[in-house]
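S.K.: only geometry, no sequence info:
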Ligand code: CUA
(Lines give C-alpha, C1' and ligand atoms only; values in the text may rest on other atoms or scores of the structure.)
Protein backbone atom coordinates (compact mmCIF):
# COMPACT_ATOMS: atom_id res chain seq x y z
CA UNK A 1 0.00 0.00 0.00
CA UNK A 2 1.31 3.42 -0.92
CA UNK A 3 0.89 6.09 1.68
CA UNK A 4 2.69 9.30 1.04
CA UNK A 5 3.79 11.00 4.20
CA UNK A 6 5.67 14.25 3.79
CA UNK A 7 9.37 14.04 4.83
CA UNK A 8 9.38 10.25 4.73
CA UNK A 9 11.99 8.49 2.57
CA UNK A 10 11.13 6.92 -0.79
CA UNK A 11 9.52 3.50 -0.78
CA UNK A 12 12.16 1.70 -2.77
CA UNK A 13 11.96 -1.95 -1.75
CA UNK A 14 9.31 -4.62 -2.21
CA UNK A 15 8.36 -4.60 1.46
CA UNK A 16 8.70 -0.87 2.17
CA UNK A 17 4.97 -0.36 1.58
CA UNK A 18 4.07 -3.10 4.06
CA UNK A 19 6.29 -1.59 6.74
CA UNK A 20 4.70 1.80 6.08
CA UNK A 21 1.18 0.38 6.31
CA UNK A 22 1.90 -1.02 9.76
CA UNK A 23 3.62 2.18 10.81
CA UNK A 24 0.72 4.21 9.43
CA UNK A 25 -1.74 2.07 11.38
CA UNK A 26 0.21 2.64 14.62
CA UNK A 27 0.24 6.33 13.87
CA UNK A 28 -3.54 6.51 13.28
CA UNK A 29 -4.17 4.39 16.38
CA UNK A 30 -1.98 6.65 18.49
CA UNK A 31 -3.74 9.77 17.24
CA UNK A 32 -7.15 8.20 17.76
CA UNK A 33 -6.47 7.29 21.39
CA UNK A 34 -4.34 10.34 22.11
CA UNK A 35 -7.00 12.76 20.88
CA UNK A 36 -9.91 10.66 22.19
CA UNK A 37 -8.51 10.43 25.71
CA UNK A 38 -7.62 14.10 25.85
CA UNK A 39 -11.13 15.09 24.74
CA UNK A 40 -12.68 12.65 27.23
CA UNK A 41 -10.63 14.16 30.06
CA UNK A 42 -11.87 17.65 29.23
CA UNK A 43 -15.45 16.46 28.76
CA UNK A 44 -15.53 14.61 32.10
CA UNK A 45 -13.72 17.44 33.89
CA UNK A 46 -16.47 19.81 32.84
CA UNK A 47 -19.40 17.43 33.19
CA UNK A 48 -18.50 16.10 36.64
CA UNK A 49 -17.01 19.27 38.10
CA UNK A 50 -17.90 20.19 41.70
CA UNK A 51 -20.81 22.60 41.63
CA UNK A 52 -21.07 23.53 45.35
CA UNK A 53 -18.19 23.85 47.84
CA UNK A 54 -19.72 21.17 50.07
CA UNK A 55 -20.52 18.62 47.31
CA UNK A 56 -19.13 15.07 47.91
CA UNK A 57 -18.59 12.48 45.13
CA UNK A 58 -20.55 9.20 45.02
CA UNK A 59 -18.34 6.10 45.35
CA UNK A 60 -18.29 3.83 42.26
CA UNK A 61 -18.77 0.13 43.01
CA UNK A 62 -17.47 -1.30 39.71
CA UNK A 63 -18.71 -2.11 36.25
CA UNK A 64 -17.77 -5.52 34.88
CA UNK A 65 -19.02 -4.75 31.37
CA UNK A 66 -16.96 -1.59 31.14
CA UNK A 67 -13.82 -3.26 32.50
CA UNK A 68 -14.13 -6.17 30.10
CA UNK A 69 -14.53 -3.75 27.21
CA UNK A 70 -11.42 -1.77 28.00
CA UNK A 71 -9.44 -4.97 28.53
CA UNK A 72 -10.61 -7.10 25.63
CA UNK A 73 -10.54 -4.44 22.90
CA UNK A 74 -6.96 -3.25 23.60
CA UNK A 75 -5.90 -6.92 23.91
CA UNK A 76 -7.27 -7.68 20.45
CA UNK A 77 -5.67 -4.55 19.01
CA UNK A 78 -2.26 -5.24 20.53
CA UNK A 79 -2.28 -8.90 19.50
CA UNK A 80 -3.25 -7.78 16.00
CA UNK A 81 -0.26 -5.43 15.91
CA UNK A 82 1.94 -8.27 17.17
CA UNK A 83 0.78 -10.70 14.48
CA UNK A 84 1.04 -8.05 11.75
CA UNK A 85 4.54 -7.00 12.86
CA UNK A 86 5.72 -10.59 13.26
CA UNK A 87 4.58 -11.46 9.73
CA UNK A 88 6.57 -8.57 8.26
CA UNK A 89 9.55 -9.27 10.51
CA UNK A 90 9.84 -12.90 9.47
CA UNK A 91 9.48 -11.94 5.83
CA UNK A 92 12.31 -9.41 6.01
CA UNK A 93 14.72 -11.50 8.06
CA UNK A 94 14.29 -14.77 6.18
CA UNK A 95 16.09 -14.32 2.88
CA UNK A 96 14.52 -16.24 -0.02
CA UNK A 97 16.63 -19.00 -1.54
CA UNK A 98 16.65 -17.28 -4.93
CA UNK A 99 18.36 -14.14 -3.65
CA UNK A 100 21.79 -13.14 -4.95
CA UNK A 101 24.47 -12.93 -2.29
CA UNK A 102 26.47 -9.94 -1.19
CA UNK A 103 28.95 -10.08 1.67
CA UNK A 104 29.19 -7.09 3.98
CA UNK A 105 31.82 -6.29 6.58
CA UNK A 106 31.39 -3.27 8.83
CA UNK A 107 34.50 -1.62 10.17
CA UNK A 108 35.27 1.60 12.00
CA UNK A 109 34.22 3.56 9.94
CA UNK A 110 33.23 2.14 6.61
CA UNK A 111 31.09 -0.49 4.92
CA UNK A 112 32.87 -3.03 2.76
CA UNK A 113 31.00 -5.08 0.21
CA UNK A 114 31.94 -8.00 -1.94
CA UNK A 115 29.85 -9.47 -4.74
CA UNK A 116 29.95 -13.19 -5.51
CA UNK A 117 31.43 -12.24 -8.89
CA UNK A 118 34.40 -10.72 -7.08
CA UNK A 119 33.80 -6.97 -7.21
CA UNK A 120 34.56 -5.14 -4.01
CA UNK A 121 33.14 -1.82 -3.00
CA UNK A 122 33.47 0.53 -0.08
CA UNK A 123 30.52 2.63 1.11
CA UNK A 124 28.70 1.96 -2.13
CA UNK A 125 26.73 -1.08 -3.18
CA UNK A 126 25.51 -1.58 -6.74
CA UNK A 127 22.53 -3.88 -7.21
CA UNK A 128 20.20 -4.63 -10.11
CA UNK A 129 16.59 -3.45 -10.07
CA UNK A 130 13.97 -6.04 -9.24
CA UNK A 131 16.39 -8.67 -8.05
CA UNK A 132 16.31 -10.06 -4.50
CA UNK A 133 19.58 -9.40 -2.70
CA UNK A 134 20.68 -11.23 0.43
CA UNK A 135 23.24 -9.58 2.67
CA UNK A 136 25.46 -11.70 4.89
CA UNK A 137 26.99 -9.23 7.28
CA UNK A 138 29.53 -9.14 10.04
CA UNK A 139 31.94 -6.66 11.57
CA UNK A 140 35.66 -6.45 12.09
CA UNK A 141 35.36 -4.56 15.38
CA UNK A 142 32.31 -3.18 17.21
CA UNK A 143 28.57 -3.32 16.64
CA UNK A 144 27.32 -1.34 13.67
CA UNK A 145 23.85 -1.18 12.22
CA UNK A 146 23.06 -1.36 8.52
CA UNK A 147 20.25 1.05 7.79
CA UNK A 148 18.71 1.93 4.43
CA UNK A 149 15.67 4.10 5.16
CA UNK A 150 14.27 3.93 1.61
CA UNK A 151 14.19 0.13 1.84
CA UNK A 152 12.77 0.19 5.41
CA UNK A 153 15.60 -2.13 6.31
CA UNK A 154 17.79 -1.97 9.42
CA UNK A 155 19.83 -4.70 11.03
CA UNK A 156 22.56 -4.75 13.64
CA UNK A 157 25.89 -6.11 12.52
CA UNK A 158 27.39 -7.93 15.47
CA UNK A 159 30.97 -9.11 16.09
CA UNK A 160 31.40 -12.86 16.05
CA UNK A 161 28.35 -13.81 14.02
CA UNK A 162 26.63 -13.38 10.70
CA UNK A 163 23.46 -11.33 10.37
CA UNK A 164 21.39 -11.86 7.26
CA UNK A 165 18.71 -9.71 5.72
CA UNK A 166 17.39 -9.23 2.20
CA UNK A 167 15.71 -6.65 0.03
CA UNK A 168 14.34 -6.32 -3.46
CA UNK A 169 14.88 -2.83 -4.89
CA UNK A 170 11.87 -1.53 -6.79
CA UNK A 171 13.19 1.88 -7.86
CA UNK A 172 16.22 2.97 -9.81
CA UNK A 173 18.51 5.45 -8.18
CA UNK A 174 20.82 6.09 -5.29
CA UNK A 175 19.61 5.48 -1.75
CA UNK A 176 21.26 6.50 1.48
CA UNK A 177 22.94 3.98 3.72
CA UNK A 178 23.64 4.84 7.34
CA UNK A 179 25.28 3.24 10.32
CA UNK A 180 22.54 3.39 12.93
CA UNK A 181 24.47 2.26 15.99
CA UNK A 182 26.90 4.60 17.73
CA UNK A 183 30.30 3.08 17.02
CA UNK A 184 32.85 5.72 17.95
CA UNK A 185 34.29 9.01 16.74
CA UNK A 186 33.33 8.87 13.08
CA UNK A 187 30.05 7.02 13.50
CA UNK A 188 28.21 9.88 11.80
CA UNK A 189 30.57 9.59 8.83
CA UNK A 190 29.92 5.87 8.37
CA UNK A 191 27.52 6.47 5.53
CA UNK A 192 27.23 5.35 1.96
CA UNK A 193 24.73 4.56 -0.72
CA UNK A 194 22.97 1.72 -2.46
CA UNK A 195 22.92 2.24 -6.21
CA UNK A 196 20.02 0.47 -7.91
CA UNK A 197 20.78 -0.05 -11.59
CA UNK A 198 18.99 -1.30 -14.62
CA UNK A 199 19.79 -5.07 -14.83
CA UNK A 200 21.59 -4.74 -18.16
CA UNK A 201 23.68 -1.83 -16.88
CA UNK A 202 24.41 -3.80 -13.77
CA UNK A 203 25.81 -6.66 -15.87
CA UNK A 204 28.03 -4.16 -17.65
CA UNK A 205 29.11 -2.71 -14.34
CA UNK A 206 29.88 -6.20 -13.02
CA UNK A 207 31.94 -7.07 -16.05
CA UNK A 208 34.19 -4.15 -15.19
CA UNK A 209 35.92 -6.90 -13.27
CA UNK A 210 37.94 -6.87 -10.12
CA UNK A 211 40.93 -8.87 -11.28
CA UNK A 212 41.05 -10.52 -7.88
CA UNK A 213 38.62 -13.31 -8.64
CA UNK A 214 35.40 -14.22 -6.89
CA UNK A 215 35.22 -14.60 -3.12
CA UNK A 216 35.07 -18.36 -3.67
CA UNK A 217 38.28 -18.25 -5.71
CA UNK A 218 39.99 -16.05 -3.16
CA UNK A 219 38.81 -18.48 -0.52
CA UNK A 220 40.26 -21.35 -2.51
CA UNK A 221 43.63 -19.59 -2.60
CA UNK A 222 43.50 -18.95 1.14
CA UNK A 223 42.50 -22.56 1.68
CA UNK A 224 45.78 -23.58 0.06
CA UNK A 225 47.88 -20.81 1.65
CA UNK A 226 46.69 -21.64 5.15
CA UNK A 227 47.32 -25.33 4.42
CA UNK A 228 43.68 -26.24 5.08
CA UNK A 229 43.99 -28.36 1.97
CA UNK A 230 46.57 -30.62 3.58
CA UNK A 231 43.96 -32.06 5.99
CA UNK A 232 40.64 -31.48 4.24
CA UNK A 233 41.33 -33.74 1.29
CA UNK A 234 38.77 -34.13 -1.47
CA UNK A 235 39.30 -37.89 -1.26
CA UNK A 236 37.94 -38.04 2.29
CA UNK A 237 41.19 -39.69 3.47
CA UNK A 238 42.52 -36.59 5.24
CA UNK A 239 42.77 -35.83 8.92
CA UNK A 240 39.92 -33.38 8.56
CA UNK A 241 36.50 -34.02 7.06
CA UNK A 242 36.00 -33.77 3.31
CA UNK A 243 34.27 -30.48 2.58
CA UNK A 244 32.68 -31.25 -0.78
CA UNK A 245 28.89 -31.29 -0.39
CA UNK A 246 29.05 -30.28 3.27
CA UNK A 247 27.48 -26.84 2.99
CA UNK A 248 23.76 -26.92 3.62
CA UNK A 249 23.84 -30.55 4.78
CA UNK A 250 23.33 -32.06 8.23
CA UNK A 251 26.61 -32.81 9.93
CA UNK A 252 26.88 -35.40 12.66
CA UNK A 253 29.06 -34.31 15.56
CA UNK A 254 31.27 -36.29 17.91
CA UNK A 255 28.79 -35.82 20.76
CA UNK A 256 26.04 -37.41 18.70
CA UNK A 257 24.15 -34.20 17.95
CA UNK A 258 23.54 -32.83 14.49
CA UNK A 259 24.01 -29.40 13.05
CA UNK A 260 23.19 -27.81 9.71
CA UNK A 261 26.35 -26.61 7.98
CA UNK A 262 25.45 -22.98 7.36
CA UNK A 263 27.63 -19.85 7.22
CA UNK A 264 27.76 -19.52 11.00
CA UNK A 265 28.82 -23.13 11.47
CA UNK A 266 31.63 -22.84 8.91
CA UNK A 267 32.78 -19.59 10.48
CA UNK A 268 32.81 -21.14 13.94
CA UNK A 269 34.67 -24.18 12.68
CA UNK A 270 37.41 -21.93 11.30
CA UNK A 271 37.76 -19.68 14.35
CA UNK A 272 36.88 -22.13 17.10
CA UNK A 273 37.31 -25.60 15.57
CA UNK A 274 36.86 -27.48 18.83
CA UNK A 275 33.38 -26.10 19.47
CA UNK A 276 31.78 -28.68 17.16
CA UNK A 277 33.94 -31.65 16.21
CA UNK A 278 32.64 -33.81 13.38
CA UNK A 279 31.91 -37.42 14.33
CA UNK A 280 34.83 -39.71 13.52
CA UNK A 281 37.49 -36.98 13.69
CA UNK A 282 39.97 -35.87 16.34
CA UNK A 283 39.97 -32.27 17.61
CA UNK A 284 43.29 -31.59 15.88
CA UNK A 285 42.52 -28.46 13.95
CA UNK A 286 44.20 -25.27 15.21
CA UNK A 287 42.20 -22.10 15.56
CA UNK A 288 42.52 -19.41 12.92
CA UNK A 289 41.29 -16.70 15.27
CA UNK A 290 43.47 -13.64 14.72
CA UNK A 291 45.08 -15.12 11.62
CA UNK A 292 42.33 -14.29 9.17
CA UNK A 293 40.22 -11.15 8.82
CA UNK A 294 36.44 -11.26 8.69
CA UNK A 295 36.63 -10.68 4.95
CA UNK A 296 38.92 -13.68 4.58
CA UNK A 297 36.61 -15.82 6.71
CA UNK A 298 33.76 -14.83 4.38
CA UNK A 299 35.90 -15.87 1.41
CA UNK A 300 36.66 -19.23 3.00
CA UNK A 301 32.95 -19.67 3.71
CA UNK A 302 32.19 -18.78 0.07
CA UNK A 303 34.71 -21.39 -1.05
CA UNK A 304 33.29 -24.14 1.17
CA UNK A 305 29.86 -23.17 -0.07
CA UNK A 306 30.96 -23.36 -3.70
CA UNK A 307 32.13 -26.93 -3.10
CA UNK A 308 28.50 -27.90 -2.52
CA UNK A 309 27.00 -25.78 -5.27
CA UNK A 310 29.19 -27.27 -7.96
CA UNK A 311 27.91 -30.67 -7.00
CA UNK A 312 24.29 -29.54 -7.09
CA UNK A 313 24.71 -27.46 -10.23
CA UNK A 314 23.74 -24.29 -8.39
CA UNK A 315 21.50 -24.04 -5.40
CA UNK A 316 19.01 -21.48 -6.54
CA UNK A 317 17.66 -21.06 -10.01
CA UNK A 318 17.26 -17.47 -10.93
CA UNK A 319 16.59 -15.60 -14.06
CA UNK A 320 19.47 -13.23 -14.48
CA UNK A 321 22.61 -15.15 -13.88
CA UNK A 322 24.62 -17.03 -16.42
CA UNK A 323 23.88 -14.50 -19.11
CA UNK A 324 26.53 -14.14 -21.78
CA UNK A 325 27.49 -10.82 -20.24
CA UNK A 326 28.49 -12.35 -16.94
CA UNK A 327 30.18 -15.42 -18.34
CA UNK A 328 31.82 -13.89 -21.36
CA UNK A 329 33.11 -10.73 -19.81
CA UNK A 330 36.13 -12.17 -18.12
CA UNK A 331 38.04 -12.22 -21.36
CA UNK A 332 41.76 -12.08 -21.36
CA UNK A 333 42.39 -12.62 -17.69
CA UNK A 334 44.36 -15.64 -16.68
CA UNK A 335 41.59 -16.62 -14.32
CA UNK A 336 38.97 -16.53 -17.04
CA UNK A 337 37.99 -20.16 -17.10
CA UNK A 338 37.67 -20.67 -13.33
CA UNK A 339 35.96 -17.30 -13.07
CA UNK A 340 33.23 -18.39 -15.42
CA UNK A 341 32.89 -21.67 -13.58
CA UNK A 342 32.63 -20.12 -10.15
CA UNK A 343 30.36 -17.43 -11.47
CA UNK A 344 27.96 -20.05 -12.63
CA UNK A 345 28.20 -21.97 -9.39
CA UNK A 346 27.99 -19.00 -7.09
CA UNK A 347 25.08 -17.28 -8.74
CA UNK A 348 23.14 -20.43 -9.38
CA UNK A 349 23.20 -20.47 -13.15
CA UNK A 350 20.90 -22.67 -15.15
CA UNK A 351 23.69 -23.76 -17.45
CA UNK A 352 25.15 -27.14 -16.53
CA UNK A 353 28.17 -27.05 -14.25
CA UNK A 354 31.38 -27.32 -16.19
CA UNK A 355 33.04 -29.64 -13.77
CU1 LIG B 1 29.29 2.11 12.57
CU2 LIG B 1 28.01 3.68 13.81
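M.R.: That came in fine, so what should we check first? What you are looking at is a predicted structure, and each value in this text was computed from that prediction instead of being measured. Residues are numbered from 1 along each chain as shown.
S.K.: average pLDDT for stretch 138-150?
M.R.: Averaged over stretch 138-150, pLDDT sits at 94.
S.K.: cool, and stretch 94-109?
M.R.: 91.
S.K.: end-to-end on it?
M.R.: Taking CA to CA, to the nearest Å, stretch 94-109 runs 27 Å from one end to the other.
S.K.: next one: that stretch to chain centre, how far?
M.R.: Computed by CA atoms, centre = their mean, to the nearest Å, the chain-centroid distance of stretch 94-109 equals 5 Å.
S.K.: List the buried residues in it.
M.R.: By neighbour count on 16 or more other CB atoms under 10 Å, the buried set for stretch 94-109 is 95, 99, 100, 101, 102, 103, 104, 105, 106, 107, 108, 109. Bear in mind the C-beta positions are built from the backbone N, C-alpha and C, glycine included.
S.K.: what's downstream of the helix or strand encompassing the fifth one, the next helix or strand?
M.R.: In this assignment (DSSP states H and E), residue 102 forms part of strand 100-107. Downstream of strand 100-107, the next assigned helix or strand under DSSP H and E is strand 110-115.
S.K.: For that next one, give me every contacting residue.
M.R.: Contact partners of strand 110-115, identified using CB atoms under 8 Å, 6 or more residues apart in numbering, comprise 102-106, 120-125, 144, 146, 177, 179, 190, 192, 206, 215, 295, 298-299.
S.K.: So which of the residues you listed sit within strands?
M.R.: 102-106, 120-122, 124-125, 144, 146, 177, 179, 192 (DSSP state E).
S.K.: before we move on, back to that, go back to the contacts of strand 110-115 and keep what's next to the ligand.
M.R.: The subset of the contacts of strand 110-115 within reach of the ligand, by CB under 6 Å from any ligand atom, is 106, 144, 179, 190.
S.K.: show me the contacts for the last one.
M.R.: The one in question is residue 190. Residues near residue 190 by CB under 8 Å, 6+ apart: 106, 108, 109, 110, 111, 144, 178, 179, 183.
S.K.: Next: the first one.
M.R.: Residue 106 makes contact with 112, 137, 138, 139, 140, 141, 144, 146, 157, 179, 183, 190 under the criterion CB under 8 Å, 6+ apart.
S.K.: correct me, but the fourth one touches residue 297?
M.R.: No. If you go by CB atoms under 8 Å, residue 139 and residue 297 don't touch, sitting 11.8 Å apart.
S.K.: and residue 175, what pLDDT?
M.R.: Looking at residue 175, its pLDDT stands at 93.
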